[in-house]
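[1] Fold the following and give me the result.
(one chain, ligands or ions: 1)
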Amino acid sequence: SERTLVLVKPDGVERGLIGEVISRIERKGLRLVALEMRHVDRKLAEQHYAEHDGKPFFESLLEFITSGPVVAAVVEGPKAVAAFRQIAGGTDPVEKADAGSLRGDYGLEVQYNLVHGSDSPESAERELKLWFPDLQA
Ligand code: ATP
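    Have a look, this model is predicted:
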């Protein structure tokens with residue numbers, strides 16, 4: 001079994017899609033291990049998105065992710081990382097996400113793509129330490 005970090009980003013919270021995200025995670029058969037509403041400060045945002053430092057959208061991404069509350073969840077199950085990426089759909093809600101995925105069904109713009117899911121088991125481990133340092137393995 002594997003764990004992944006899921007975020008409902010500020011646009012997803014604002015639009016009332018927390019329940020929809022959680023519902024799809026549960027219906028897939030994944031388990032919620034932790035679930036919390038959080039305001040992201042600048043420091044956590046920079047650490048979370050460190051790999052994008054220097055990209056043209058970096059500053060705007062930090063502003064967006066710190067603009068309102070997010071829901072952070074630890075999600076567990078076989079192939080949890082890939083399973084949630086499938087639920088989320090590709091990064092660009094129109095160009096990449098399939099219909100039937102969260103982003104494909106609810107998103108329009110790449111920055112406002114509703115959710116985050118760790119992109120590999122290694123990223124998941126790094127992100128889970130960052131977001132949930134006290135959680136037992
Ligand atoms: P996430 O890491 O949030 O699950 P992802 O792994 O699908 O998304 P990344 O390429 O890691 O996508 O980009 C991280 C986030 O940065 C995206 O989810 C999106 O919100 C934002 N982003 C990516 N590309 C762009 C862009 N060209 N313009 C604006 N924002 C972008």
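
[2] just to confirm, which helix or strand has residue 126 in it?
    Element membership of residue 126, judged by DSSP states H and E, is helix 121-131.

[3] residues in contact with that helix?
    Contacting residues not belonging to helix 121-131 are listed as 2-5, 44, 47-48, 72, 74, 80-81, 118, 135 [Cβ atoms under 8 Å, 6 or more residues apart in numbering]. From N, CA and C alone the C-beta is placed, and that goes for glycine too.

[4] Would you mind giving me the ChimeraX syntax to select the buried ones in those?
    In ChimeraX syntax, the buried subset of these is picked out as below (16 or more other Cβ atoms under 10 Å):
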select :2,3,4,5,44,48,72,74,80,81,118
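
[5] I'd like to know which residues of this protein are adjacent to the ligand.
    Proximity of the chain to the ligand, by Cβ under 6 Å from any ligand atom, involves residues 57, 61, 91, 110, 111, 113, 116, 117, 119.

[6] does the last one count as helix, strand or coil?
    In this case it means residue 119. Counting by DSSP: H, G, I helix; E, B strand; the rest coil, the backbone at residue 119 sits in coil.

[7] Residue 81 is in contact with that one, correct?
    Yes - contact criterion Cβ atoms under 8 Å: residue 119 and residue 81 qualify, at 7.4 Å.

[8] For the residue nearest the centre of the chain, give me its contacts.
    In the chain, the residue lying closest to the centroid (Cα atoms, centre = their mean) is residue 116, at 1.8 Å. Under the criterion of Cβ under 8 Å, 6+ apart, the neighbours of residue 116 are 5, 6, 7, 9, 88.

[9] Excluding chain neighbours, what is closest to the third one?
    Using Cβ to Cβ, 6 or more residues apart in numbering and skipping the chain neighbours, the partner closest in space to residue 7 is residue 116 (3.9 Å).
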